[in-house]
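1. here's my sequence, what's the structure:
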Amino acid sequence: MRHPLHAAVIGAMLLLGGCAGVGPHSSYVEAVTPADAPMLAADIANFVAERLPAAATTLALDAPAGELASDSLTPVLRDELRRIGFGVADAGQNATGAHPLRYLVTPLDAGLLVRLHVDRTTASRLWLRNSAGTLQAGSPFTVREDAAE
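-> Presented below is the predicted three-dimensional model:
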């Protein structure tokens, strides 16, 4: 193993992959500061744009609900997706043909773990804080394609 942190990250991703605490149609955001939000939103939007054509795609953004509804990431992500050409609807809207987008951002060690669910694709990426406290990608996206039902 190249670095002990890699083993911890892989283990955490596997454990979080089996978590059932968040429902199948709900996003979760914790510990994202207003300074973190633009970087994370751009990364999420770029990942989605690599898989779906922005100008021809509407996303059903499954934003966090309840007390998490005022998180720092969601409005910035919604704006970034629109900026690069995606149509964006809320998950509860009747947007025929929209691709569901769910995201979970949780603290992990000295950074954040970002998990995305778009259609049948699940992707995870670790972001670490450098000595200045700024987030930087600590890993590439780990991607899993679920089998068609």
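2. give me the phi and psi for the closest residue to Pro140 other than its chain neighbours.
-> Excluding the flanking residues, the one nearest Pro140 by CB to CB, 6 or more residues apart in numbering is Arg125, at 7.0 Å. (Glycine included, C-beta is placed from N, CA and C.) Note on Arg125: its backbone torsions stand at phi -150, psi 140 [degrees, to the nearest 10].
3. so what's Arg125 up against?
-> Asp43, Leu113, Val114, Ala137, Gly138, Ser139, Pro140, Phe141, Thr142 (CB atoms under 8 Å, 6 or more residues apart in numbering).
4. now Gly97
-> Gly97 neighbours (CB under 8 Å, 6+ apart): Thr58.
5. does it sit in a helix, a strand or a coil?
-> On the three-state scheme (DSSP: H, G, I helix; E, B strand; the rest coil), Gly97 is labelled coil.
6. which regions of the chain lie under the pLDDT threshold?
-> By pLDDT under 70, the weakly predicted segments of the chain are 1-25, 149.
7. so which of the contacts of Arg125 are in strands?
-> Using DSSP state E, the members of the contacts of Arg125 that fall within strands are Leu113, Val114, Ala137, Thr142.
8. show me where the protein has its strands.
-> 28-29, 58-61, 87-90, 99-108, 111-118, 121-129, 135-137, 142-145.
9. helices and strands around the fourth one, which ones?
-> For strand 99-108, the elements it packs on are helix 4-17, strand 28-29, helix 37-51, strand 58-61, helix 73-83, strand 111-118, judged by 3 or more CB pairs under 8 Å, 6 or more residues apart in numbering; DSSP states H and E.
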